[in-house]
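[1] sequence and predicted structure are below.
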Amino acid sequence: MSVVAGKELRIVGFLCNWCSYGGADTAGVSRFKQPTDLRIIKVPCSGRVDPLFVVRALLTGADGVLVSGCHPRDCHYTDGNFYARRRLEMLKRLLPFVGIDERRFHYTWVSASEGQKWQQVVTDFTNRIHQLGPLHVKKENEG
Amino acid sequence: MRVGVFICHCGNNIAGTVDVARVAAEMRKLPGVVYATNYMYTCSEPGQEEIKQAIRKEGLDRIVVAACSPRMHENTFRKTIEKAGLNRYFLEMANIREHISWIGEDKELNTNKAIEAVKMAVAKVMNNKPLYSSSFKVNKRVLVIGGGVAGMQAALDCADGGLDVVLVEKSPSIGGMMSRLDKTFPTIDCSICILGPKMVDVVQHEKIKLYAYSEIDEIKGYVGNYQIKIRKKATYVDWSKCTGCGACMEKCPTRNAYDHFNFGVATTRAINIPFPQAIPKKAKIDPEFCRQFTKGKCGVCAKICPTGAINYEMKDEIVAEDVGAIIVATGYGLFDLDKFPEYGAGRYPDVITGIQYERILNASGPTSGHILRPSDQTEPKTVVFVSCAGSRDKSLGVPYCSNFCCMYIAKQAILTKDHIPDSQSYVFYMDIRSNGKGYDEFTRRAQEEYGAKYIRGRVAKIYPKGKKMVVRGADTLLGTQVEVEADLVVLATAVISAPGAAGMAEKLHISYDTFGFYVESHPKLRPVETNTSGVYLAGACQGPKDIPASVGQGSAAASKVLSLFSKDMLESDPAIAQVNINACVGCLKCVKTCPFQAIKEEVLRNGRKVAKVIETVCAGCGVCTSTCPCGAIQLQHFTDNQLLAEVNAICQS
Amino acid sequence: MAEKEYAYYSGCSLEGTAKEYDTSLRLVMKTLGVKLAEIPDWSCCGSTPAHTVDHVFAAALAARNLAIIEKMNTHTVTVPCPSCLTVLKKAHIGMTTDESFKNEVNALLDEPYEGKVTAKSSLQVIYEDIGLEAIADRVTHALPDLKVVAYYGCILNRPPDIAQFDDPENPVAMDKVISALGIEVLDYAFKTECCGAAFGVPKRAMVNELTHKILSMAIDVGANCIAVACPLCQQNLDLRQEQVNQTMGSSFNIPVLYFTQIMGLAYGYSPDDLEMDKLVVGADHLIRSRIPVEEYRKMKEAEAAAAKKPAKAKEMKEEPKETAKAEEN
Amino acid sequence: MDTINLSNKIDWEFIEQVKEESGQNPSLCYQCGNCTAGCPYTNYFDYPVSMVMRLLQAGQKDTILNSKAIWLCATCETCTTRCPCEIDVAHIMDTLRIIARREGKVSEKDIKLFYDSFLDSVKQFGRIYEVGTLLMYNLRSGHFLADADLGPKVLTRGKIHFFPTKIKGSDKVAQIFERFQKKAKRHG
């Protein structure tokens, strides 16, 4: 059942604990409405996100993956997000080689106070994935 | 493995848009889940009791609580299961409130999303390992950054509580903004009269070590063990010899140095003591203006100084201090006139800021307390105050209220009438915000007793006409344009974050908002804590605040530090990186990427090189884990297995 | 200097009541090495009246011209009239930021506009693209009697998102251009106060009152000449000056020159070349003292030398003497 | 002023219409009065700009469309430039004029006539024919001698052409008018 067929697609989000997870909380506390497709996995820092997680998710059933961390220079761990940026930028270039549209992967920076920005990020990315359509057509027909 | 799942209704907060009973029912179908229930308020005492009983009755060994954000109650539930005999890391939370019930409108979609969120938590908790904290010693010294009223209060409270305090102030004197104010609302107390003694207390306290005219260069370490580098900026005066006699200042031939203390209302000498009550009362050379520096010759002060304290060769000096906690009290900044081209952008000398007017009102200010306008040093008979100059102005990037301007404008209107009985004040305002004790009565007094004319509307333009400044605004209550021919115009300019606030936050690893104000841990319940343990906030660095609120926060931050230091040992967070030496190939990529230099090379007895984590230094970011090519270094509680279990729970169902 | 080329959208006024703006601008641009390319068969931008009918319709009248310019060699158009400029820019910005608006507008046109044109006011071209240094380099004559205030009018710099030029509250481009000519410019608080614009015809009394304020302020700060960059402003301030005097009981007699006329004077063009005769309030008395810069410099040097001899060293006394001399001239 | 019954006299549709046609959100206005303070025409308006914004927030359609204010606005953009809430107030005024014109509610007949004369010239010749515009306006408005005092000043200085310049593509310009009118009719 996973996602509600026809209404939702499968989007996985990796959020750093200090900024973006807090930003998503702030959006919630402020009741900023968002599409429901996103499933959030909390990580301590966006630098913890192994590009392989992203590839694994996209290859096994996700239609889109979003990574969000602290703003550059505002990282709780000094520069964990710089490592994230470097790795994820590389990943973006590699995705087409495994047959995945790079637009299905997005990384961004949202701080704990930016509830409104979070709402925007989720809405825009979800819309983008819906425009691109499902990545795993076969599987969905089976399910 | 016996997982128990507890779904919270949170009253209607969750149950209103998520079918909690269905979530629980679905969870019972999951392999490994032996118990699932839903409850009105899981965080309440009976709610926690139910978890404990279920652990005992059902023999549960892993717990998932689906409720609010873990940032809210993870600690609560960790303690709960610990009391029932489980390791605290056998808990996972699914955030079905902030991330689901509050943001989605469709109950069907929300319920499905909640089911998945709990599934992910179940998948993760089944991969959790017990983790145990170790303890480490605390350095019971505290660093206070900023010597304004909030920082001073924090320093004094900590010192009175028996702690050694290091107080760092970037200006030549402590006292901050409050030392510049003339009187304080709503009592019209003399500001320096109530602050001065406190300043003396600070400098005389044997537990407080004061670094004035100094800045924080570097902060390293973690709660309990910080290493600080402080830059003592060159004053070109040996403060151990300077007696503050002021002879140098009197004889200095440079009379046009910018007067930072007076916000440029007057000029000062190139060597100066900022104000009579300055603490420390020591002279300092401003090399931007000093002829010895700009022209290479002068030396008057060196000749005149009776103690030979002048040293033109002085350099910045770096000193190290070790502390266990930090209180940040760096205060605020103010919009400058250049932000207001429609008000002349500083071209008109008789359009000034509120803080400049404080200096003009002040007895120790450049006009000795006589209100004289800057252009021609005459007494203004008509004074116009413009509130919200930049505040609540989205177009200038300040959508927020500056908090205390309404009050100080009322105070300045009252003082103007006191100084010049035949004067008339006009106040342009949008709303009067006077919500403190005795505050509203005070703004009424300004109007009722002191005859200040309050005009509801904004000012669109200020321009000179002869010797007058014409202030053109609106009276929205009358629905007309109004004009006042003023002698002096005072703008209540917006409160902004202190210059350099963002850079300081980056050194401290604390968060700041879009405006540069520091973010507290919880807006209601943890107002002086930050998300970095051991770092606390006080005063206007967190947002515009008046004196009582700043003082209150200074004391609050001090009490937090005192309670932190009430133990000799602190417990470390065990969620740090761990090396599996059997898998480590010794490439040491992790050593290079670790932002904290927490990994070092270790040579095993068989001569093999491997990575080793220094437990007390590791902060738990996990950059090493995603760097390691063979999965040998794993951040505990966020291992590859744990995170992939979550990915699989979403993608492969 | 390599020759710069711009499409030139003069607008209707510069064919009629503001002919002298057109003439002087062309001369100045020639001096500055700027080529103005005629826009074949341009039509009226629609101005304010079209904006009271419909947003799409108004944009279409403007976009017809943008579409023509798009087919020319240069895609940058310079527009002397602020009203035309705003209308053209609004149409351009509306069509390049909103796809459906663009389609609606293009549906009214024969040739669609794709959004490639950059419009700049003529003042902006002179100030930014040519620059103060080049402006000063071409000066041949000094105008020692002129005390100018620059009046920008309301929409040359407003709203900032559309105008994208200079400061909306205290613009300085015209001040700096005229200063670069060696002419005295006075600070003026009413640079952007509205003169009443096109209401001159239907709401004459109102315009007279507004114009009165602007003229009074110019006199108050000691100006003897107002520089403008807008045909409507010029018309309201100059043509209606006598109306103002009659209705408001004032006695203004202050010439209102296009800034390009002032530039032309500094570049040595004759008043006839610059069609100074088209001004209602004449400026002859101010121009009479015009003198080649070389001579002016020598004269000043002689004056300074003469002033120094009797009053030794004291700098303070030099100033009043100088101004006194200047007044004698 | 009469009591406005806010339960049933707020024209929500009108608020939505203005929102959509102008692309501006009137709810952003917090009534600071900066627009009124800076507006050169406040003294001539029946409702100052901030009050027009307030009337709009309150959905008072008739009062707004019948007001003189919306026609006396010269789009000088001072309000838009200074609005702390970043509302394009001048554009809202523009939109209100368009709606008023569409609904045949024009309180300032002279201004509309002047605009119409102007547009007629554009339609006929492709450009503005200043003498014709003025004459046409004078005829229609009944102000036969409006600005007659300026006539000699303008004419003796050769500032004005007696005969219109007709551009080659004037029919193309006229087509813009026609297409627009057709479209407007289609949409009722």
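    Now that the structure is in, tell me what you want to look at. Numbering: from 1, shown residues only, chains lettered A, B, ... in the order given.

[2] any residue of the helix or strand hosting B:Ala645 touching chain A?
    Assessed by DSSP states H and E, B:Ala645 sits inside helix B:640-651. Yes: judged by C-beta under 8 Å from any C-beta of the partner chain, helix B:640-651 comes into contact with chain A through B:640, B:643-644, B:646-648, B:650-651. Glycine gets a C-beta too; all of them are placed from N, C-alpha and C.

[3] now swap in stretch B:90-106 and tell me
    Yes: Stretch B:90-106 reaches chain A (C-beta under 8 Å from any C-beta) through B:95, B:97-100, B:102-106.

[4] mind showing which ranges of chain D have poor pLDDT?
    For chain D, the stretches flagged by pLDDT under 70 are D:1, D:131-132, D:135-136, D:139, D:144-146, D:155, D:158-164, D:187-188.

[5] how about the stretch 151-300 of chain C?
    Judged by pLDDT under 70, the stretch 151-300 of chain C has no weakly predicted residues.

[6] which residues of chain B lie near chain D?
    Among all residues of chain B, those adjacent to chain D (criterion: C-beta under 8 Å from any C-beta) are B:342, B:388, B:392-396, B:430, B:456-461, B:472-476, B:479-482.

[7] which of the residues you listed fall in helices?
    By the criterion of DSSP state H, membership of the residues of chain B next to chain D in helices covers no residue at all.

[8] near chain C too, which of the residues you listed?
    Applying C-beta under 8 Å from any C-beta, the subset of the residues of chain B next to chain D adjacent to chain C comprises B:342, B:461.

[9] buried members of the residues of chain B next to chain D into ChimeraX, please.
    Entered in ChimeraX, the line below selects the buried ones among these, by 16 or more other C-beta atoms under 10 Å in any protein chain shown:
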select /B:342,388,392,393,396,430,456,457,458,459,460,461,472,473,474,475,476,479,480,481,482
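
[10] quick one: average pLDDT of the helix holding B:Ala645?
    Mean pLDDT, computed over helix B:640-651, is 94.

[11] show me what counts as buried in that helix.
    Within helix B:640-651, the residues that qualify as buried by neighbour count (16+ other C-beta under 10 Å) are B:640, B:642-651.

[12] same check on stretch B:390-409?
    By neighbour count, and taking 16+ other C-beta under 10 Å as the criterion, the buried residues in stretch B:390-409 are B:390-393, B:396, B:398, B:400-409.

[13] what do you get for stretch D:40-53?
    Applying a neighbour-count criterion of 16+ other C-beta under 10 Å, one finds D:40-42, D:44-45, D:47-53 buried in stretch D:40-53.

[14] gap between whichever helix in chain A runs longest and the chain center?
    Identified as the longest helix of chain A according to DSSP H is helix A:115-132. Taking C-alpha atoms, centre = their mean, to the nearest Å, the mean C-alpha location of helix A:115-132 is offset from the chain mean by 10 Å.

[15] name the residues that touch that helix?
    Outside helix A:115-132, the residues that touch it by C-beta atoms under 8 Å, 6 or more residues apart in numbering or on different chains are A:9, A:11, A:20, A:23-24, A:26-30, A:32-35, A:37-38, A:63-64, A:66, A:68, A:101, A:103-104, A:106, A:108, A:110-111, B:103.

[16] please redo it, this time with the cut-off set to 7 Å
    Among residues not part of helix A:115-132, those counted as contacts by C-beta atoms under 7 Å, 6 or more residues apart in numbering or on different chains are A:9, A:11, A:23-24, A:26-27, A:30, A:32, A:34-35, A:37-38, A:63-64, A:66, A:68, A:101, A:103-104, A:106, A:108, A:110.

[17] wait, B:Lys232 sits on B:Glu317?
    Yes: the pair formed by B:Lys232 and B:Glu317 meets the contact definition of C-beta atoms under 7 Å, at 4.4 Å.

[18] lovely, talk soon.
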